[in-house]
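K.L.:
Everything below, folded, please.
(2 chains)
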Amino acid sequence: MTVRTRFAPSPTGFLHIGGVRTALFNYLFAKKHGGQFVLRIDDTDASRNVVEALAPILHGFKWLGLNWDEGPEVDGPYAPYYQSQRNPKYQSAVDQLLASGHAYKDYAKAEELAADRELAGKEKRDNIYDRRFMAVSDADCDRFESEGRTATIRLKMPREGKCVFVDHVRGSVSVDWAREQDSVIQRPDGSFIYHLATVVDDEHFQISHVIRAEEHLPNTARQIFMIDALGYKRPEYAHIPFVAEPGSKVKLSKRKLEKYLKNRDFKKLNDHGVSIMEKLGESPDSQLFNPVITDFFERAGFLPDALVNYLLLLGWSLDDKTEFLNRDEMVEHFSLERVVKAAASFDPLKLDAFQQHYMNELDLKKKVAMCLPFLQKANYVATPPPCDISDYVQSIVIAAGDRIQIAGDILDFDDFFVDDQKLIFDEKAFGKRILKPEDALELLRGLREKLSGIEQFDIKTTEVVVKSFVEERGIKIGQIINALRVAVTGKGVGFGTFDTLAILGRDRCLNRIDLAIARAESAG
RNA sequence: GGCCCCUUCGUCUAGUGGUCUAGGACUCCGGCCUUUCACGCCGGCAACACGGGUUCGAACCCCGUAGGGGUCACCA
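P.N.:
This next block holds a predicted model:
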């Protein structure tokens, strides 16, 4: 048997990380068994602009490296992969169900059904439709229609016995047929309900394993009913737990951003991304730019490998110690049996830790290539970039080391890209390191003279000169070096001061020291 | 409320009757390093939801209880 799995996104305009994890499990399972991973588009809601809303989702999958074997853009033997284009298949399935007596025309009105529901609620019992508007003959149809009623097509579910199926995550699952509602599969306007469409598509696409989030578990019995009634082959099921909110077991939703921002860790992650956007002069819609949506991670400069690895371990583990797996290892080791049964909450800090790990492993050239677009967007580097800029950026990336946790962090080092005159001094740092210490200005003047005499203005030489200056004056290095950092970068924090001096070069350093001295003099 | 599912450190998890005074990772808290910040290094806090069984022996098996969650649509 060929293993075929599918993920069926609705064109909503963004890719939810919970969805990504479900897709990832589908992808890995198919690849592990040498099968295919299919992308099917659930675009039955015609009111949306599919093309526009689908693009970011497909883009997200590509960015993450979750390449689909069949689906939009690549097509495949079972095309079309858009549900909106598959109506004839659904119609013939409904006709078949009607003909075999597994479905019926129902003429109940929405408000009558709502009243039933309310009554059942009051009486604290299941709400099972009593079929009082079920048409059993053409005469019934005529009578109901003459009353102004319209027909939906409902499943005629069994009222006794059990539906039993095996789930790869949950084991044997059993539900009483009597508790299953006669669900609608076709609306009066002829459009089809998800349950019918998914069953028909899974059959036609030859899907062998349905791997989906556990909120679909209660839907499974009615789908199995249709599968059996239509003479289809039952796929194997695996209902994986959903991704939960940070610090809770409630399903993560893209609509509860405000609540999540009250979580310290989530806010920290969010703010990190937002601050990068601000430095780029962008102000993205917070509903579309937040850590529940994959776009956030791409735009802020995360590594797809970090997100994927993190998501894999959210609800799955290889053993008691393995944390990092590359794509090949994921494919090799993935198994549904090791999926954890309980929902796992999204932990922004742990994702950060994975990002840090992968960033540290990243090849220097790639790191520079990732940072460059941010500098271009911020107008620190021209587009196309000048040919010597890579070396310059590289020297900064090397000096910054792991301070660049995500690519957008390169913007923290904007002082290397602005003109001396436009350098902004951080007030707090300037006060603490230059204004407040009594000897800071005098030391800075003295060191400036020393630095101006250096011909070979590199890390080594500047270090030797500064250290001999420190010795001459009998001071501690911290007394001058912090003032020096603020003078040349405007900031109180940054990487090694000698690296900084060397990258800026002698003239820019002297220039900036002069500016800082002048600024201090006018302030005092 | 009915039905279904879940329950090991704050979080992600390992654990399938003795090797568990419960292991790893992230976070957190100390300390070291130091030129600020970050990194790194060393150390520490921290969990089997509860109650009954079964058994020589239970985090692991059974039954209850509690808590949490999902779902009950002419959404997917």
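
K.L.:
Who are the contact partners of the most centrally placed residue in chain A?
P.N.:
Central residue of chain A (Cα atoms, centre = their mean): residue A:294, 2.5 Å from the mean position. Taking Cβ atoms under 8 Å, 6 or more residues apart in numbering as the criterion, residue A:294 is in contact with A:14, A:15, A:16, A:17, A:20, A:60, A:63, A:64, A:307. No exception for glycine: its C-beta is placed from N, CA and C like everyone else's.

K.L.:
of all those, which comes closest to RNA strand B?
P.N.:
When these are compared for distance to RNA strand B, the smallest value, 11.2 Å, is given by residue A:16; criterion: Cβ to the nearest atom of the strand.

K.L.:
Phi and psi next, for that closest one.
P.N.:
The phi and psi torsions at residue A:16 (degrees, to the nearest 10) take the values phi -80, psi 140.

K.L.:
Quick check: bridge partners of it?
P.N.:
Listed beta-bridge partners, residue A:16: residue A:293 (assigned using DSSP bridges).

K.L.:
the strands in the stretch 101-250 of chain A, which residues?
P.N.:
For the stretch 101-250 of chain A, the strands defined by DSSP state E, counting those that start in this stretch cover A:103-106, A:152-155, A:162-167, A:171-176, A:184-186, A:209-213, A:236-240, A:243-244.

K.L.:
quick one, which of those strands is nearest to RNA strand B?
P.N.:
Comparison of the strands of the stretch 101-250 of chain A against RNA strand B by Cβ to the nearest atom of the strand identifies strand A:184-186 as nearest, at 3.4 Å.

K.L.:
and the longest helix anywhere in chain A, C-alpha only, in PDB?
P.N.:
Secondary structure of chain A read by DSSP state H shows that its longest helix is helix A:506-523. Once non-C-alpha atoms are left out, helix A:506-523 reads as follows in PDB (Å, rounded to 0.1, in the frame of the first residue of the first chain):
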ATOM      1  CA  ARG A 506      40.200  55.300  12.400                       C
ATOM      2  CA  ASP A 507      38.700  58.300  10.900                       C
ATOM      3  CA  ARG A 508      35.100  57.500  11.800                       C
ATOM      4  CA  CYS A 509      36.200  56.600  15.300                       C
ATOM      5  CA  LEU A 510      38.100  59.900  15.800                       C
ATOM      6  CA  ASN A 511      35.200  61.800  14.300                       C
ATOM      7  CA  ARG A 512      32.700  60.200  16.700                       C
ATOM      8  CA  ILE A 513      34.900  60.700  19.700                       C
ATOM      9  CA  ASP A 514      35.100  64.400  18.800                       C
ATOM     10  CA  LEU A 515      31.300  64.500  18.500                       C
ATOM     11  CA  ALA A 516      30.900  62.900  21.800                       C
ATOM     12  CA  ILE A 517      33.300  65.300  23.500                       C
ATOM     13  CA  ALA A 518      31.600  68.300  22.000                       C
ATOM     14  CA  ARG A 519      28.200  66.900  23.000                       C
ATOM     15  CA  ALA A 520      29.400  66.400  26.600                       C
ATOM     16  CA  GLU A 521      31.000  69.900  26.700                       C
ATOM     17  CA  SER A 522      27.800  71.600  25.600                       C
ATOM     18  CA  ALA A 523      25.800  69.500  28.100                       C
END
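
K.L.:
buried residues in that helix?
P.N.:
The neighbour-count check on helix A:506-523 (16 or more other Cβ atoms under 10 Å) flags A:506, A:508, A:509, A:510, A:511, A:512, A:513, A:515, A:516, A:517, A:519, A:520 as buried.
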